[in-house]
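Chemist: the following block contains a protein sequence and its predicted model.
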Amino acid sequence: MPVSLVDRLCKKELLDYFEDKKVSTLHIILEAKKETIISRIKNDPIRNEDAQNQQIYNVPWQMQYLKTNYPDAVRIDTEDKTLDNIASEIMDMMI
């Protein structure tokens, strides 16, 4: 289930819920340099300019939040990787 867990409510309602129910999860955080993330946001045709600007403004805070609040998550560096490479890396973890 792809979800962005950048606030405590999401963590409580998803990760903590699954943990309480003893559901096995694999928490993966896809990482890239700040500049790369901003470039991806700017080139996302789904987001309008206001949404892009809001997301760009939040990037530094979100990166720090994910680093601080999910130290045990599996992290995948997505720099210079294709979607297929990233998907293969994730699939390999599930085998």
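Modeler: Perfect, I can see it now. Numbering: from 1, shown residues only.

Chemist: would you map the strands across this protein?
Modeler: Ranges of strands in the chain, per DSSP state E, are 28-31, 74-77.

Chemist: and the first one, how far from the chain's centre?
Modeler: Computed by CA atoms, centre = their mean, to the nearest Å, the chain-centroid distance of strand 28-31 equals 5 Å.

Chemist: on that earlier part again, deepest in the core, which of the strands of the chain is it.
Modeler: Between those, the one whose residues have the most neighbours on average, counting mean count of other CB atoms under 10 Å, is strand 28-31 (a mean of 16). C-beta here means a position set from N, CA and C on the backbone, and glycine is covered the same way.

Chemist: may I ask which helix or strand of this protein has the lowest mean pLDDT?
Modeler: Between all helices and strands in the chain, the lowest mean by mean pLDDT, DSSP states H and E belongs to helix 8-10, at a mean of 73.

Chemist: shaky segments in the chain?
Modeler: Under the criterion pLDDT under 70, the flagged ranges of the chain are 1-5, 7.

Chemist: touching the longest helix anywhere in the chain from outside, list them.
Modeler: Ordering each helix of the chain by length in residues (DSSP state H) puts helix 49-69 first. Outside of helix 49-69, the residues that reach it under the criterion CB atoms under 8 Å, 6 or more residues apart in numbering are 4-6, 11, 29, 34, 37-38, 41-42, 44, 47, 73.

Chemist: any idea how far Asn53 is from Ile41?
Modeler: When CB to CB, to the nearest Å is the yardstick, Asn53 and Ile41 sit 9 Å from each other.
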